[in-house]
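Engineer: For reference, the sequence and a predicted model appear below.
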Amino acid sequence: MSMLIDHVLVAEEARENGRSGPPSLTVFGFPAAGGSASHFTRWRRWLPAGVVVEPVELPGHGTRRQEPAIDDWPRLVNAACDAVRDRLSGPYALAGQSFGALLAYEVAATLSRTGPGPELVIVAGRNGPAAGLAHRPLHALDDDRLIESLGRLGGTPAEVLAEPALMRLALPVLRTDLRLAETYARPPRAALGCPIAALVGRHDRMADAAGALAWQQETAERFDLTVVNDGHFILDHPQVVDVVTARMAELLRRVGRSGAGTTSG
């Protein structure tokens with residue numbers, strides 16, 4: 001089932017859903033290239049009660065910046081899966097921004113083979129694996145050209161670009177993540193058995209709506225594409241807030257019904 005969402009949802013009922021009772025759903029967040037997963041802590045301000053947000057900080061990023069970054073997909077996926085399993089206590093969803101979207105997808109595929117899969121995968125600011133890059137590869141550029149290109153494409157937050165010393169410190173990890181994202185090749189596999197919700201900015205120069213639509217090929221279940229009037233970093237956009245809130249509330253209702261059926265049986 002496919003649905004294109006290009007409007008602001010009315011989500012007041014969604015925000016009121018699950019205002020009492022224990023947590024029922026965990027959302028694991030994966031960061032953009034070179035970024036920190038702590039950005040997902042902002043989701044705690046508006047997601048319905050009953051949803052727990054667990055940012056997954058990668059080696060070399062954020063609070064783990066003293067550790068060497070992982071530079072190959074198999075080890076990175078294994079490490080991310082271990083982090084999720086360590087904090088898994090029930091139904092869960094995965095969410096990722098750009099590079100993190102690919103990682104969320106890979107984690108979903110791996111966990112679905114070895115145990116309970118996610119209820120939903122949210123991918124933002126990244127074309128689907130079957131689509132090409134929306135920009136020329138950046139990871140092999142020299143430092144100055146890489147910084148200039150990221151500024152032009154909107155691939156790095158403005159506050160980071162405004163601090164040259166900070167940007168230079170971030171470049172090695174950023175370059176590692178960009179190489180992984182830009183050379184990524186989807187392995188042969190069946191479509192995921194969970195829904196995918198894709199989010200993309202209308203003015204994003206690192207992804208586009210046509211490329212984001214390719215995520216539909218990666219699920220055998222429901223697919224939604226939300227296009228918002230913004231650029232690359234859209235996780236806090238009001239329309240994204242409404243869409244994600246509504247989907248989380250829907251999942252809470254479904255998880256609640258499933259739990260009730262289990263206990264009554």
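Structural biologist: Nice, I can see it.
Engineer: going forward, measure contacts and count neighbours with C-alpha atoms only.
Structural biologist: Fine.
Engineer: can you pull out the helices in the stretch 101-250 of the chain?
Structural biologist: Remark: helices of the stretch 101-250 of the chain, listed N- to C-terminal, are 143-153, 158-161, 164-182, 209-212, 238-264; assignment by DSSP state H, counting those that start in this stretch.
Engineer: Show me what the third one is in contact with.
Structural biologist: To tie it back to what came earlier, the one meant is helix 164-182. Residues external to helix 164-182 that are found in contact with it (C-alpha atoms under 8 Å, 6 or more residues apart in numbering): 33-35, 60-61, 69-73, 99, 102, 133, 137-140, 143, 147, 160-161.
Engineer: what about stretch 117-133, start to end distance?
Structural biologist: The stretch stretch 117-133 measures 27 Å between its terminal residues, going by C-alpha to C-alpha, to the nearest Å.
Engineer: mind checking how far it is from the chain centre?
Structural biologist: Counting by C-alpha atoms, centre = their mean, to the nearest Å, stretch 117-133 is centred 8 Å from the centre of its parent chain.
Engineer: related to what we said a few turns ago, restrict the contacts of helix 164-182 to the buried ones and give me that as a PyMOL selection.
Structural biologist: To isolate the buried members of the contacts of helix 164-182 in PyMOL, using 16 or more other C-alpha atoms under 10 Å:
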select buried, resi 33+34+35+60+61+69+70+73+99+102+133+138+139+147+161
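Engineer: out of the helices of the stretch 101-250 of the chain, nearest to residue 222?
Structural biologist: If you check each of the helices of the stretch 101-250 of the chain against residue 222 by C-alpha to C-alpha, helix 238-264 wins as the nearest, at 11.6 Å.
Engineer: so what secondary structure elements neighbour the closest one?
Structural biologist: Secondary-structure packing of helix 238-264 (3 or more C-alpha pairs under 8 Å, 6 or more residues apart in numbering; DSSP states H and E): helix 12-16, strand 25-30, strand 223-228.
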